[in-house]
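1. show me how the following folds:
(one chain, ligands or ions: 1)
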Amino acid sequence: MLFSNTFQAALFILLTTTATLVQAEDGKLIPYAKVDDNFYVLLSDVDGSNVGVNVAENGLIIVDTMLPKAGDKLTATIRDISDKPVKFVINTHDHMDHTGNNKYFLELGATALTQDNITNNKQLKVVTSTAASHSTNDLLVYFPDNNVLMMGDTFTNNWYPTFWTGGLKGQINVINKALELSDEDTVVVPGHGFITDSNGLKQYRDNNIEWVNRIMELHAKGLNIETIVQDKELHSILEKFANDARPVADLERVMQRFVEKTIKIELKLAQK
Ligand SMILES: [Zn+2]
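-> Purely as a prediction, here's the structure:
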């Protein structure tokens, strides 16, 4: 796989060996990876989320549509992949960085696929609904012919875990469901971050368990958030999330926010 960005390329090659080469033109196009002749993955955080493009016989199926501001780059990149029209749009969930250009494609004649109408649609393969995890309406979108699994934000491997609806339990549920759909050759695509495989997903699940358990252990000892974020063990768990791939100016403040949200959701769910 060839990227305009060497760092991304290095990470990609590190994380997967299943996909083949593709190129992206600096600046004008969104970097993308060719999984096979009929499946491409656009990889970008600055433009919103990762996007899946399935090239079907009579048109394209697009999984997620990035931020509104990325519209021109998104359409140019899709045109670089195929001349076929966008026939279907499906979203892994309804957050703006995944749905920003839905309207544009629908106005051009695309049909929105939802969990309700998908079963009647022979074009798209399998969509599995999941328990609440990142949002209340997370979908796993799986393409059996290509063996590609688009996970939306139930999986982000360049950032902190964001299970703000379902907590750790919801996060584990959704990953287990994804692993049921996958085999060792499945190309697993996170909502943000880098393409990986089922081993990458298992590692992420383990990291999540460690992250939440350590935070809740420190919280149970009566430590405040400012003290919790100083914890060495927590920092070493954090490194496993590869979130140095998306550096932040003020790590401590960001970490405080994520620790605070983790405690909040876990306490809330524990009361139920
Ligand atoms: Zn989201």
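2. helix, strand or coil for whichever residue of the stretch 101-250 of the chain sits closest to the ion?
-> Across the stretch 101-250 of the chain, no residue is closer to the ion than residue 153, which sits at 3.7 Å (CB to the ion). The C-beta positions use only the backbone N, C-alpha and C, and glycine is treated the same way. Here residue 153 is recorded as helix under DSSP: H, G, I helix; E, B strand; the rest coil.
3. my read: it touches residue 193, true?
-> No. In terms of CB atoms under 8 Å, residue 153 does not count as a neighbour of residue 193; the distance is 10.2 Å.
4. residues in contact with stretch 61-78: which ones?
-> Contacts made with stretch 61-78 from outside it, assessed by CB atoms under 8 Å, 6 or more residues apart in numbering, are listed as 24, 28-30, 32, 42, 44, 47-54, 60, 86-92, 96-102, 104-105, 110, 113, 123-124, 141, 150, 152, 191.
5. can you say which of the residues you listed are buried?
-> By neighbour count, with 16 or more other CB atoms under 10 Å, the contacts of stretch 61-78 hold 24, 29-30, 32, 42, 44, 47-54, 60, 86-92, 97-102, 104-105, 110, 113, 124, 141, 150, 152, 191 as buried.
6. out of the residues you listed, which sit inside strands?
-> Judged by DSSP state E, the buried ones among the contacts of stretch 61-78 include 32, 42, 51-54, 60, 86-90, 113, 141, 150 as members of strands.
7. any idea which of those residues is least confident?
-> Among those, residue 113 carries the weakest pLDDT, at 89.
8. so what's the residue lying closest to it once chain neighbours are set aside up against?
-> Using CB to CB, 6 or more residues apart in numbering and skipping residues adjacent in sequence, the residue nearest residue 113 is residue 90, 4.1 Å away. The contact partners of residue 90, taken as CB under 8 Å, 6+ apart, are 61-64, 112-114, 118, 124, 127, 139, 141.
9. for these, give me CSV that also has distance to residue 186.
-> Below are the contacts of residue 90 laid out as CSV (distance: CB to CB, whole Å):
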residue, distance to residue 186
61, 18
62, 20
63, 15
64, 18
112, 26
113, 21
114, 24
118, 20
124, 17
127, 15
139, 16
141, 13
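10. could you identify the most distant pair in these?
-> The distance between the two most remote of the contacts of residue 90 (CB to CB) is 15.1 Å, for 64 and 118.
11. the two: who's more crowded?
-> Of the pair residue 64 and residue 118, residue 64 is the one with more neighbours under other CB atoms under 10 Å, namely 29 against 18.
12. return the per-residue confidence for the more buried one.
-> 97.
13. same check, this time on the one 4 residues further on
-> Listed pLDDT for residue 68 reads 95.
14. quick one, phi/psi of it?
-> phi -50, psi -40 (degrees, to the nearest 10).
15. what about it, neighbour count?
-> For residue 68, using other CB under 10 Å, the count is 16.
16. repeat for residue 197
-> 19.
17. hang on, it packs against residue 190?
-> No. Residue 197 is beyond contact range of residue 190, at 11.5 Å (criterion: CB under 8 Å).
18. up against the ion, what does the stretch 101-250 of the chain have?
-> By CB under 5 Å from the ion, the residues of the stretch 101-250 of the chain that approach the ion are residue 153.
19. output stretch 64-76 in PDB with nothing but the alpha carbons.
-> Extracted C-alpha coordinates of stretch 64-76, given in PDB (Å, rounded to 0.1, in the frame of the first residue of the first chain):
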ATOM      1  CA  ASP A  64     -19.700   7.400   6.000                       C
ATOM      2  CA  THR A  65     -19.300  10.800   4.300                       C
ATOM      3  CA  MET A  66     -16.900  12.900   6.400                       C
ATOM      4  CA  LEU A  67     -17.300  16.600   7.500                       C
ATOM      5  CA  PRO A  68     -19.200  19.000   5.300                       C
ATOM      6  CA  LYS A  69     -16.000  21.000   4.700                       C
ATOM      7  CA  ALA A  70     -14.400  17.900   3.100                       C
ATOM      8  CA  GLY A  71     -17.000  17.700   0.400                       C
ATOM      9  CA  ASP A  72     -14.900  18.700  -2.600                       C
ATOM     10  CA  LYS A  73     -11.900  16.500  -1.600                       C
ATOM     11  CA  LEU A  74     -14.200  13.600  -0.900                       C
ATOM     12  CA  THR A  75     -15.900  13.700  -4.300                       C
ATOM     13  CA  ALA A  76     -12.600  14.200  -6.100                       C
END
